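>>> with the sequence up front, the predicted model follows.
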2 protein chains.
Amino acid sequence: MGRRPAAPNILLLLMDDMGWGDLGVYGEPSRETPNLDRMAAEGMLFPNFYSANPLCSPSRAALLTGRLPIRNGFYTTNAHARNAYTPQEIVGGIPDSEQLLPELLKKAGYVSKIVGKWHLGHRPQFHPLKHGFDEWFGSPNCHFGPYDNKARPNIPVYRDWEMVGRYYEEFPINLKTGEANLTQIYLQEALDFIKRQARHHPFFLYWAVDATHAPVYASKPFLGTSQRGRYGDAVREIDDSVGKMLELLHDLHVADNTFVFFTSDNGAALISAPEQAGSNGPFLCGKQTTFEGGMREPALAWWPGHIAAGQVSHQLGSIMDLFTTSLALAGLTPPRDRAIDGLNLLPALLQGWLMDRPVFYYRGDTLMATTLGQHKAHFWTWTNSWENFRQGIDFCPGQNVSGVTTHSLEDHTKLPLIFHLGRDPGERFPLSGGRCLFRCMLAILEMIENGEKASSLQTSSEPGTTAPWTLDSQHRKLRPSRHLVELCNRIFVKTKGIQTLHVFALEF
Amino acid sequence: MGRRPAAPNILLLLMDDMGWGDLGVYGEPSRETPNLDRMAAEGMLFPNFYSANPLCSPSRAALLTGRLPIRNGFYTTNAHARNAYTPQEIVGGIPDSEQLLPELLKKAGYVSKIVGKWHLGHRPQFHPLKHGFDEWFGSPNCHFGPYDNKARPNIPVYRDWEMVGRYYEEFPINLKTGEANLTQIYLQEALDFIKRQARHHPFFLYWAVDATHAPVYASKPFLGTSQRGRYGDAVREIDDSVGKMLELLHDLHVADNTFVFFTSDNGAALISAPEQAGSNGPFLCGKQTTFEGGMREPALAWWPGHIAAGQVSHQLGSIMDLFTTSLALAGLTPPRDRAIDGLNLLPALLQGWLMDRPVFYYRGDTLMATTLGQHKAHFWTWTNSWENFRQGIDFCPGQNVSGVTTHSLEDHTKLPLIFHLGRDPGERFPLSGGRCLFRCMLAILEMIENGEKASSLQTSSEPGTTAPWTLDSQHRKLRPSRHLVELCNRIFVKTKGIQTLHVFALEF
C-alpha cells in the first residue's frame, strides 16, 4: 500500500478518570500496561500534560473545540467554582456556534468516528453526527444505573442515529461481578472502522472508552487478572485493546501514516478508591479538584517514522492542544473568528521544541490556579464542602496539606499560594517569597487579561457576576510574550544552566 | 580479553536516602535519570524491593550480613520501636561475630573495596578492612557538620587504614551553595578500582555514595541543572556517574562478567523536604517509618547476556538478598551456623521465578509490620512523637491517614491493620475483614516463630524485655512453607487467574 503524502490518520485514545500514575511507564508499581509502555517507548511521553477541567464533560468539550470550558459554555454560573457536566437531567449541551474538530477535519477529507462516551449533551440537537462526526457507536452519558426505566430510563446506546439499546439491558453491566463486554465492543468498533477507512480517506477516530469510570468493568477474560483489583482489570483490558489497535495499524501498513495520542479526561476519581479508582502517582488529590492530581494526565504520542522513539517532552501540554495539533496534521488552520486555547504541539513532537505557555486550572467559571513554567499559583483552594466531607466524600483520601486542601473555598487572590512543581510535585510546601513571585504572576495575568488592571483581582461570589480571572471569548491567545519573560527575568535571578527553558525558571 | 567462566564481578550501588520515586523509570515527573533508566531497560526492575530497616546503619549492616538488624545487633533496647544508628557519639559497631559479605567472598578469590559511607561503627575494631574489605575510600559516618573540632571533631575521611582528612576541611562541603566534589572523587575511586581489578581477580565493589543525604550536595557542573533543585542536582550527578561506570565495564569488555545492582538504604527523608529530600512516589511517609515510603526502594539489576533486557520482576526482594545472591554468584553458600534472612535471587533474575517470602518491617527491636504476597499487616503504627511533631518534625508531610499515621505508638497486635498493596499502595484504606485475614497472618507468623504460640502476641514495652515478634538467631529461615499456602487457601477463596503466584493472593 502506498504512503499518502498528505494528511495522516488521527487516532485519539481518551480515557475516563484514568490518573497520571496508572501506567507502568508512569511508575504504577504493578506494571500491568505492557502495550501502553511499549507505545511510550516507541514514541514520546509527556509528564506535564493537563486536562482543561477536572471533570468529564467540560474536559471533552475542550478537547473537541480547542477552547477552555469558560469559552465553549461548559461551566455553570449558579454556584461559585462548581464544575459542570451533562447527566441526563441536564438539557444543555455543546452549542451550535462551537466548531468541533471533526467538523473542521471534513474540509481536509477526513471521515470521523466517535466510539464510546460523548458527554456533550443528550438532546437531539447535540447528537455527535450533528457536530461533524460521520459515525458513532456509544452513549451520550456515563454508564450509571440501573435506573427504574419509568421516571428515569437507563442510558441509551447509539449506533449512528439509531438508539440500539440501553445499559443494563441490551448492554449488560454486572455491578456485582464487574463484568461487562463493552470494552471489547468498543475495540471491535475501532478495528472495523480502521480497516474500512485505512485504504480510502484519512480518518479521525475518537476512542472514548469508559471502563475505568465507576462502576468500573471488564470483560470475563480480564476479570481477576490484575494485582490492582477490578480497576486494574479494566486498565489491563484497555491496554490490551490499544496493543491490538497499534498492531492493526502495522498490519495495514499505515502505522507511519497514523498519529496516535493517548490521554485521559481528568485525574483519578479518588472518591471511588480503593476498589474503583486509579492512581494520581505522587500528585495531590484527584478528580473534581484543581490540584495536580485532578488535572495532570498520562499522555503518549506515537507516530512511527515521524516522532522519534524513546523521547520525553517537558512541554506543558493541554488536552486542547489535540484540537490545534490535529488541524495542523490535516494541513488546516484553527478558526480565526474566536479564541483558541490549544497549541500546535508539532514543534514539540517533531523537533523537540519547548514552547512557553500557561496552564489554566478552572473549576466551573472560576480560575482556581495557573502554572507558568515550573511554578503554580493557586488563587482559590477548595476540595469539597465540609458538609460533603463529613458524609464521607473525600477527594483527597489520606492527603491533608494544611491551608491547601481546604474544605471551604479559600480566597488567595490577594496573595496566591505558590508551589514549585519540579521540587514539590505534591503541592505540599507553599513557597515563601510568594509576594515577590506574585508580582510577576500579576504581570503575566495582566497581559493575559489584555490590559485589564490588577484591580480586577477583587472578587465576588454572587451568582451571575463575572468571576475574577475568567476569560471570555473576546480575549486573545493565552501566551505570555517575550516581553513578559524579560520582565520576569529582571525581577528574579534566573536559574543557572537549567536544561529546559521556562518562562519561570527562577531561583529564589 | 577472555571471558572468565567462573565468578563474575559484583558491583553494588547503594544510595543514601534515595526514594522509590526518584528515578524516571519509577515515574519521577522530571525524568532526569537517563543512565539509570537505560540500566533498567537493559536489565531487570523490581517494583517490590525493600530495605531491612528505615534507617541507614541497620539497613547497611543487613546488606553486608544478609541478616535482619535484630540478629546482627543493629537495634536498641533502650526504647521501644526506636531505630538505631551509629553517629560518632556511639561506641558500638558491627560485631566481630558477624560474617560480612567481603569476608566470605575472599574464599572465592574476590578483591573487595568500599567507596563511601561505612556506617557500621567508627572505632578501630569496626574498620571495614577488619571486616573483609581490602580497600576503602570514604567515611565511617554521615557528612554532618561542620563541627567545632574541639569537643566534636569533623567526620574523618579514610583511604584504607589512613585518615586522609575531614569533611569541611580537606573535603569541603559548601552548605550554602551545596557544592562538594565528593561524588566525583567517589566516581574516580570506583573507575580506578574497576580498571585495576578487571583483568585480574574478580572484584566486589560496594559504592555507597551519600550526596542525596542531607546536607545534599553536587559538584559545580551539576549544580543548578535539575528541575528538582539541589536534591535533583545530586541525583543527576549520581546518574551520570553510574552511566560512566557501566560504560567503563563495556569498554573493558567485562560487562557480561559483572553483576550490577542499584538500590537505596531507606526511603526518602521527607523530614528534609522539599529542598533536600527525594520522592517516595505514591507511597506513604518516608525514612524512619515502616510505611511503604520508609522501606520500599528503587532496585535495578544489570548483567548483560545473563539477565534479559527490559524485564520487571514482582519478586518481593530485600536488601539482604544481595548478600545471599552475591555469594551464589561467587559459587559460595551462606554460613550454616546462623540464620540468614536474604534469599538467593538468581532464580528470579535469570529464570523469572517468583518465590514466596515475607518482608519484615522493623523499627529498632520491634516488628512493626509484615508483608506476605500483596497483603501488609501493621502490628504497630507510629510516625513520630507528638512532642517532635509539634516542633515541626514531620515524617509524612502532607499525608495523614486517620488511625494509621499515628503520633503515638499504637498497638494493633490483637487485630492488625491490613492493607492490599496492589490495590492500595498508599496504605490509605485498611481492609475490613481484618479479623479473618489476621487468622491467616497468625498462622504464618506462628510457623515463622517456629512453633511459638499465638499467645506471644501479648506485648510489653518495658526496656530490656523481648519485644513481640522479634526473631533471634535461633530461628529458622523466614519462609512460609507450602503447607502454609495450602492452609491459607483453605481459609480464603483464591483470586482467579492472577498473573503472579502469591501466598496471599486472596479475594475477600
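That came in fine, so what should we check first?
>>> please count neighbours and contacts with C-alpha atoms only from this point.
OK.
>>> endpoint to endpoint, stretch A:300-311 covers what distance?
End-to-end span of stretch A:300-311 (C-alpha to C-alpha, to the nearest Å): 10 Å.
>>> just the buried residues of that stretch, please?
A:Leu300, A:Ala301, A:Trp302, A:Trp303, A:Pro304, A:Ile307, A:Ala308, A:Ala309, A:Gln311 (16 or more other C-alpha atoms under 10 Å in any protein chain shown).
>>> need the residues you listed in TSV (columns: pLDDT, secondary structure and distance to chain B).
Putting the buried residues of stretch A:300-311 into TSV (pLDDT from 0 to 100; DSSP: H, G, I helix; E, B strand; the rest coil; distance: C-alpha to the nearest C-alpha, whole Å) gives the following:
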residue	pLDDT	secondary structure	distance to chain B
A:Leu300	98	strand	14
A:Ala301	98	strand	17
A:Trp302	98	strand	19
A:Trp303	98	coil	21
A:Pro304	98	coil	20
A:Ile307	97	coil	19
A:Ala308	96	coil	16
A:Ala309	95	coil	14
A:Gln311	95	strand	11
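>>> pLDDT value on the nearest residue to A:Ala301 once chain neighbours are set aside, please?
Leaving out its chain neighbours, the residue that sits closest to A:Ala301 by C-alpha to C-alpha, 6 or more residues apart in numbering or on different chains is A:Phe261, at 4.6 Å. On the pLDDT scale, A:Phe261 is placed at 98.
>>> and A:Phe261, bridged to which residues?
Following DSSP bridges, A:Phe261 is listed with bridge partners A:Leu12, A:Ala301.
>>> surely it touches A:Asn9?
No. Using C-alpha atoms under 8 Å, A:Phe261 is not in contact with A:Asn9; the gap is 11.3 Å.
>>> more neighbours, the two?
A:Asn9 (27 against 20; other C-alpha atoms under 10 Å in any protein chain shown).
>>> what's that one sitting at in phi/psi?
Main-chain dihedrals, A:Asn9, degrees, to the nearest 10: phi -60, psi 160.
>>> likewise for A:Gly116?
phi 110, psi -140.
>>> check A:Asp22 too.
Torsion angles, degrees, to the nearest 10, at A:Asp22: phi -90, psi -10.
>>> show me the contacts for it.
Shown in contact with A:Asp22 (C-alpha atoms under 8 Å, 6 or more residues apart in numbering or on different chains): A:Glu28, A:Gly278, A:Ser279, A:Asn280, A:Gly281, A:Pro298.
>>> mind listing the helices for chain A?
Secondary structure of chain A, counting by DSSP state H: helices at A:34-42, A:56-65, A:69-72, A:101-105, A:182-197, A:230-251, A:292-295, A:321-329, A:346-351, A:386-390, A:434-448, A:482-491.
>>> same for the first one, what does it pack against?
Counting by 3 or more C-alpha pairs under 8 Å, 6 or more residues apart in numbering or on different chains; DSSP states H and E, the packing neighbours recorded for helix A:34-42 are helix A:230-251, strand A:300-302.
>>> distance between that helix and the chain's centre?
20 Å (C-alpha atoms, centre = their mean, to the nearest Å).
>>> same thing with the longest one?
In this view, helix A:230-251 has its centroid 20 Å away from the chain centroid, taken as C-alpha atoms, centre = their mean.
>>> how near is the nearest residue to A:Leu249 once chain neighbours are set aside to chain B?
Closest residue to A:Leu249 apart from its sequence neighbours, by C-alpha to C-alpha, 6+ apart: A:Ala255 at 4.7 Å. Note on A:Ala255: its distance to chain B, by C-alpha to the nearest C-alpha, to the nearest Å, is 23 Å.
>>> and if you look at A:Lys195?
Counting by C-alpha to the nearest C-alpha, the gap from A:Lys195 to chain B is 32 Å.
>>> run a quick neighbour tally on that residue.
13.
>>> over to A:Arg38?
Neighbour count of A:Arg38, defined by other C-alpha under 10 Å: 15.
>>> same question for A:His213.
Other residues close to A:His213 by other C-alpha under 10 Å number 23.
>>> and what of A:Asp256?
A:Asp256 has 18 neighbours, counted by other C-alpha under 10 Å.
>>> re the thing from before, quick check: which of the helices and strands packed on helix A:34-42 is nearest to A:Gly373?
The closest of these to A:Gly373 is strand A:300-302. By C-alpha to C-alpha, the value is 20.4 Å.
>>> how about low-confidence regions in the stretch 301-450 of chain A?
A:433-450 (pLDDT under 70).
>>> returning to that earlier point: quick one: which of the contacts of A:Asp22 is nearest B:Trp207?
A:Glu28 (28.2 Å).
>>> burial measure for the nearest residue to A:Ala7 once chain neighbours are set aside, as a count.
Leaving aside its sequence neighbours, A:Ala7 sits nearest to A:Ala330 (C-alpha to C-alpha, 6+ apart; 4.7 Å). The number of residues packed near A:Ala330 is 22, by other C-alpha under 10 Å.
>>> distance of A:Ala330 from A:Asp341?
18 Å.
>>> then A:Ala208?
22 Å.
>>> residue contacts, the residue of the stretch 151-300 of chain A found nearest chain B?
For the stretch 151-300 of chain A and chain B, the shortest gap (C-alpha to the nearest C-alpha) falls at A:Arg228, measuring 4.2 Å. Listed by C-alpha under 8 Å, 6+ apart, the contact set of A:Arg228 reads A:Ser30, B:Gly422, B:Arg423, B:Asp424.
>>> A:Cys285 - how many residues pack around it?
There are 32 residues near A:Cys285, going by other C-alpha under 10 Å.
>>> equivalent analysis for A:Asp192, please.
Every residue meeting other C-alpha under 10 Å relative to A:Asp192 is counted, giving 11.
>>> also A:Asp251?
A count of neighbours around A:Asp251, defined by other C-alpha under 10 Å, yields 10.
>>> how near is it to A:Phe193?
15 Å.
>>> likewise for A:Gly398?
From A:Gly398 over to A:Phe193 the distance is 43 Å, taken as C-alpha to C-alpha.
>>> before we move on, the earlier item: including distance to B:Pro202, could the helices of chain A go into JSON lines?
Below are the helices of chain A laid out as JSON lines (distance: least, C-alpha to C-alpha, whole Å):
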{"stretch": "helix A:34-42", "distance to B:Pro202": "35"}
{"stretch": "helix A:56-65", "distance to B:Pro202": "59"}
{"stretch": "helix A:69-72", "distance to B:Pro202": "64"}
{"stretch": "helix A:101-105", "distance to B:Pro202": "63"}
{"stretch": "helix A:182-197", "distance to B:Pro202": "54"}
{"stretch": "helix A:230-251", "distance to B:Pro202": "44"}
{"stretch": "helix A:292-295", "distance to B:Pro202": "49"}
{"stretch": "helix A:321-329", "distance to B:Pro202": "55"}
{"stretch": "helix A:346-351", "distance to B:Pro202": "46"}
{"stretch": "helix A:386-390", "distance to B:Pro202": "61"}
{"stretch": "helix A:434-448", "distance to B:Pro202": "56"}
{"stretch": "helix A:482-491", "distance to B:Pro202": "54"}
